[in-house]
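Asks: Model the following, please.
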Amino acid sequence: MARSEIGTIETARLVGRPLRPGDEPLLAAVLQDEQASSTVGGLRTDDEVRTLLGRMLDHSEAHGFGTWGFFERESGRYVGYGGLLRTKAGGELNVEIMYALVPAFWGRALATEIAEQLVRVGFETLGFARLVSYTVPENRPSRRVMEKCGFVFEREIVYASTPHVLYRLDACSQQELRRTA
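Replies: Predicted structure coming up:
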């Protein structure tokens, strides 16, 4: 399915739209914030943000899915970004669920809301058999989001020359979780 067919992603409190050219300020709100950037590889320069957006847009074009910017439904304020990305983590190709929020929105379960919706898109819309998510070991809030969404710790890996923890969720496990909920 082409990403343009997925379009807007909605949750109870958020509306997500595919990232597009000119969205550097959205990424910069996270990647140039000292606190938020510490969870996603460190502070980025304007050029690095521009390059990252280009890679995200290229990914969307090549694979038919990618990254969305998420906004509060009621106020329209930008909350952060999240997406589904093909990645090579832990030595194998996977589809990753990723999310990063502006610190003003931390602690409101919005990352969980984004991640849960991305799991649905990954399994129900795009038909993936499994998804992964990973973070640095000390990022307990992100690990908790993964666990709330049903991801299970699999192993420690090195990603981008930094130790990470890799979590995995299989579609059949997600279906079983929904049946017992």
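
Asks: Does the longest helix anywhere in the chain pack against any helices or strands, and if so which?
Replies: In the chain, with assignment by DSSP state H, the single longest helix is helix 46-63. Applying 3 or more C-beta pairs under 8 Å, 6 or more residues apart in numbering; DSSP states H and E, we find helix 46-63 packed against helix 24-31, strand 67-72, strand 78-89. Just so you know, the C-beta spots here come from the backbone N, C-alpha and C atoms, and that holds for glycine as well.

Asks: Give the stretch among these with the greatest mean number of neighbours.
Replies: When the helices and strands packed on helix 46-63 are scored by mean count of other C-beta atoms under 10 Å, the highest mean neighbour count falls to strand 67-72 (a mean of 23).

Asks: hmm, back to that, looking at the helices and strands packed on helix 46-63, which is nearest to Met56?
Replies: strand 67-72 (4.7 Å; C-beta to C-beta).

Asks: What is the distance between that closest one and the centre of its chain?
Replies: Distance of strand 67-72 from the chain centroid (C-alpha atoms, centre = their mean, to the nearest Å) equals 10 Å.

Asks: before we move on, the earlier item: Ser37 is nearest to which of the helices and strands packed on helix 46-63?
Replies: Relative to Ser37, the nearest member of the helices and strands packed on helix 46-63 by C-beta to C-beta is helix 24-31, separated by 5.3 Å.

Asks: ok, and what's touching that closest one?
Replies: Here helix 24-31 makes contact (C-beta atoms under 8 Å, 6 or more residues apart in numbering) with 19, 36-37, 40, 43-44, 46, 48-50, 52-53, 69, 78, 80-81, 100-102.

Asks: Buried subset of those residues, written for PyMOL?
Replies: Entered in PyMOL, the line below selects the buried ones among the contacts of helix 24-31, by 16 or more other C-beta atoms under 10 Å:
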select buried, resi 19+36+37+40+44+48+49+52+53+69+78+80+81+100+101+102
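
Asks: List the contacts of Pro163.
Replies: Contacts of Pro163 (C-beta under 8 Å, 6+ apart): 136-137, 156-157.
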